[in-house]
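Student: my questions concern the predicted model and sequence given below.
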Amino acid sequence: MCTLTRSLSDHPVGKDPQAMRTGQRQNKGMRTRLGCLSHKSDSCSDFTAILPDKPNRALKRLSTEEATRWADSFDVLLSHKYGVAAFRAFLKTEFSEENLEFWLACEEFKKTRSTAKLVSKAHRIFEEFVDVQAPREVNIDFQTREATRKNLQEPSLTCFDQAQGKVHSLMEKDSYPRFLRSKMYLDLLSQSQRRLS
């Protein structure tokens, strides 16, 4: 978390000039590394690196018709393994892949049959995605977070439904339209059409 004010110990008065120059060089190096991250490409070549199969074989299997259908609805995209892979790659460029990972974890959670595993999986998902300051915290409102916390007192296959629905809606209204306009998706369509000609 960034703060706008500096503490008194950070003030340059009374600091060793050599230590200040070293600190400035370290800050410049950090800005350079962070700058590189902010220029991540969303081109198709980046997407192919994370496809479920070997990239060339996967692209050969992906028809233009399938990739075009992803634009029909968000749920169509989520039902196709290459659609999920492409959307995940796109979300990584936006540093928001935790939303998709949470949604997928909830889908997998709903397949749990063992009561003992259900409880441990529920707590693991909550701690990883839902809890305040979770390592991959998803963006949900306080009421949804608290309702989900309450659901964990007696975990069931539906205990994440409200939170999962909010995240699905957020991705559908926000990230999904940007994905459809992204260079990554447009490049993918173009490559699949070129294979046909």
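Tutor: Okay, I see it.

Student: contacts, neighbours, all on C-alpha from now
Tutor: OK.

Student: so for the strand or helix carrying residue 118, what gets flagged as buried?
Tutor: In this structure, residue 118 is located in helix 115-125 according to DSSP states H and E. For helix 115-125, the neighbour count (16 or more other CA atoms under 10 Å) marks 118-119, 121-123, 125 as buried.

Student: quick one: mean pLDDT for that helix?
Tutor: Averaged across helix 115-125, the pLDDT comes to 95.

Student: contacts for that helix?
Tutor: Applying CA atoms under 8 Å, 6 or more residues apart in numbering, the contact partners of helix 115-125 are 102, 105-106, 109, 112, 152, 155-157.

Student: please save the CA atoms from it in CSV.
Tutor: The C-alpha trace of helix 115-125 is given here as CSV (Å, rounded to 0.1, in the frame of the first residue of the first chain):
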residue,chain,number,x,y,z
THR,A,115,-17.5,-33.7,3.3
ALA,A,116,-14.0,-33.6,4.9
LYS,A,117,-12.4,-32.2,1.7
LEU,A,118,-15.3,-29.7,1.3
VAL,A,119,-14.5,-28.0,4.6
SER,A,120,-10.7,-27.8,3.9
LYS,A,121,-11.2,-26.6,0.3
ALA,A,122,-13.7,-24.0,1.4
HIS,A,123,-11.3,-22.5,3.9
ARG,A,124,-8.4,-22.6,1.5
ILE,A,125,-10.5,-20.7,-1.2
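
Student: helix or strand right after it?
Tutor: Following helix 115-125 toward the C-terminus (DSSP H and E): helix 142-151.

Student: residues touching residue 99, list them.
Tutor: 138-139, 167-168, 171.

Student: hmm, back to that, which one of the buried residues of helix 115-125 is nearest to residue 85?
Tutor: Checking these against residue 85 by CA to CA gives residue 125 as the nearest, at 20.7 Å.

Student: quick one: the closest one and residue 141, what's the gap?
Tutor: Per CA to CA, to the nearest Å, residue 125 is found 17 Å from residue 141.

Student: list the contacts for residue 138?
Tutor: 98-99, 102, 129-130, 167.

Student: now it: how far from residue 92?
Tutor: Distance from residue 138 to residue 92, by CA to CA: 14 Å.

Student: kindly report the same for residue 118.
Tutor: Residue 118 sits 29 Å away from residue 92 when distances are taken as CA to CA.

Student: do residue 67 as well
Tutor: Residue 67 is 19 Å from residue 92, by CA to CA.

Student: show me which of those two is the more surrounded one.
Tutor: residue 67 (21 against 14; other CA atoms under 10 Å).

Student: the more buried one is in what secondary structure piece?
Tutor: helix 64-69.

Student: swap in residue 112?
Tutor: Counting by DSSP H and E, residue 112 is part of no helix or strand.

Student: right, I'll leave it there.
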